[in-house]
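Asks: Have a look; sequence and predicted model below, questions after that.
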Amino acid sequence: MSQDFAQSARSAEAQPKASVIVCVYNRPDQVVRCLDSLVAQDYPNFEIVVVDDGSTDDTADVVKRYACEHPETTVRIASNPANLGVSGARNVGILAATGHFVFFIDSDCTAEPEWLTSMVSELVRSGAAAVAGVVVDRAPSNLAEWAALGSTRLVSNSVQRRRLVGGNMGFRRAVLLETGFDPGLRYGADEDDLARRLARAGHQFAFASEAVVHHDHPMTTRKYLRQAWAQGQGSAYYWWKHAVYVGRDIVFLTLTIITLPLIVFGVPFALVPGACFVLHVLSHLYSERFLKGKSWPRCLYVLPLVLLHNLVKTASVAWWWIVSTYSRLRRVVLRPSTATGANSEGVPPGVPGQRS
């Protein structure tokens, strides 16, 4: 027994320490399943950092009880007195982590036993600053879940331009301490923002094809459309921050809306918004088929709800811009000396997604 213990200790010392961060808000049952999968990891040298992001149910108590019941694994807990959103919670986890590598898994995900080993191995092998893994969605049981299926899928297609997926990603902690997540991005585009900043700084990305987590996120039509609104707020801030303004997923719908008044002039002017809308539909069919991996019949099945989701997201982006513009104008009127209407970080004060 003592010989086995000594061998295990030497194995742990030979592996760099890893910290797995789980941010959770009001998911007591799902976070237990997530933690069960992490405790079962075959990697010998890691800790789990759970960030309770201001839960209003018994999630915090459940996590504390879990840590006491599993003394064989280091489970550390950080509790936020108020909900900071996904980026703010992740930053709390980064500061609490002590590992050389830091990995993130969502609280509604479970990891395969070799997940952490595969992620660490790929970071070591590649020398990259960040790594992403595979996220497998649960089998859909309704239209909304079919529509959402594939949203976390990473492909080698250059059209996707996606390097990280929030529910399965890892970093060298030293890099994260320099960059961190933008707390203004409470939901949506948070990992895209970080990936963009890391790429600009010259960092490399890796992909661990054998690092698999399973995503168990039940979806209803109401939840799917509420998610669209939240993503619109995050995307609008992200696009504004990086001077993109209109993302590819809503560009043709935006053009359709802008050119819609041309229909009063009849043909051929009315063909312009029509052509823009056709391109909008075709772009989403392409995304569903080649980026999200659905079959053609499934693409047509989910298309109406996907287009509605995109319309809600576009409305959310427009609302963000209305509030943002109003805030800037109001700031100029009240404080003429700060005519730019932005704070020291260049973010319009009072707009959704403002840094705290």
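Replies: In hand now; what should we look at?

Asks: Which neighbouring residues are in contact with residue 204, exactly?
Replies: By C-beta atoms under 8 Å, 6 or more residues apart in numbering, the contact list for residue 204 reads 126-130. For glycine as for every other residue, the C-beta is placed from the backbone atoms N, C-alpha and C.

Asks: CA atoms only for stretch 21-31, dumped as PDB, please.
Replies: The C-alpha coordinates for stretch 21-31 follow below in PDB (Å, rounded to 0.1, in the frame of the first residue of the first chain):
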ATOM      1  CA  ILE A  21     -13.100  26.100 -12.400                       C
ATOM      2  CA  VAL A  22     -16.900  25.600 -12.300                       C
ATOM      3  CA  CYS A  23     -19.000  28.700 -12.100                       C
ATOM      4  CA  VAL A  24     -22.600  28.000 -11.000                       C
ATOM      5  CA  TYR A  25     -25.800  29.900 -10.400                       C
ATOM      6  CA  ASN A  26     -28.900  28.200  -9.100                       C
ATOM      7  CA  ARG A  27     -28.100  24.700 -10.400                       C
ATOM      8  CA  PRO A  28     -27.800  22.400  -7.300                       C
ATOM      9  CA  ASP A  29     -28.600  19.200  -9.100                       C
ATOM     10  CA  GLN A  30     -26.600  19.700 -12.200                       C
ATOM     11  CA  VAL A  31     -23.500  21.000 -10.400                       C
END
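
Asks: Give me the phi and psi angles of residue 52.
Replies: The phi and psi values for residue 52, taken as degrees, to the nearest 10, are phi -80, psi 110.

Asks: With residue 18 instead?
Replies: Taking degrees, to the nearest 10 as the convention, residue 18 sits at phi -120, psi 140.

Asks: and the nearest residue to it once chain neighbours are set aside, how many neighbours?
Replies: Nearest residue to residue 18 in three dimensions, chain neighbours excluded: residue 46, at 4.1 Å (C-beta to C-beta, 6 or more residues apart in numbering). A count of nearby residues for residue 46, using other C-beta atoms under 10 Å, gives 22.

Asks: cool, and residue 121?
Replies: For residue 121, using other C-beta under 10 Å, the count is 17.

Asks: again, but for the one 5 residues further on
Replies: By the measure other C-beta under 10 Å, the count of residues near residue 126 is 15.

Asks: list the contacts for it?
Replies: Contacts of residue 126 (C-beta under 8 Å, 6+ apart): 204, 206.

Asks: now with 6 Å?
Replies: Contacts for residue 126 (C-beta atoms under 6 Å, 6 or more residues apart in numbering) come out as residue 206.

Asks: Now do the SS call for residue 57.
Replies: Assigned with DSSP: H, G, I helix; E, B strand; the rest coil, residue 57 falls in the coil class.

Asks: my read: it touches residue 26, true?
Replies: Yes. At 5.1 Å, residue 57 and residue 26 qualify as touching, with contact defined as C-beta atoms under 6 Å.

Asks: Neighbour count: these two, which is higher?
Replies: A count of neighbours by other C-beta under 10 Å puts residue 26 above the other of residue 57 and residue 26, at 16 against 11.

Asks: so that one is in which element?
Replies: Here residue 26, judged by DSSP states H and E, is contained in no helix and no strand.

Asks: My guess is it contacts residue 58. True?
Replies: No. Counting by C-beta under 6 Å, residue 26 stays clear of residue 58, with 9.3 Å between them.

Asks: sorry, back to before: how near is the residue nearest to residue 18 to residue 204?
Replies: The gap separating residue 46 from residue 204 is 23 Å, by C-beta to C-beta, to the nearest Å.

Asks: List the residues that contact residue 23.
Replies: So residue 23 contacts 51, 53, 89-90 (C-beta under 6 Å, 6+ apart).

Asks: And these, which two are furthest apart?
Replies: 53 and 90 (9.4 Å; C-beta to C-beta).

Asks: can you count the residues close to the nearest residue to residue 301 once chain neighbours are set aside?
Replies: Take residue 301 and drop its neighbours on the chain: the residue closest to it by C-beta to C-beta, 6+ apart is residue 146, 6.6 Å away. The burial count assigned to residue 146 is 21, neighbours taken as other C-beta under 10 Å.
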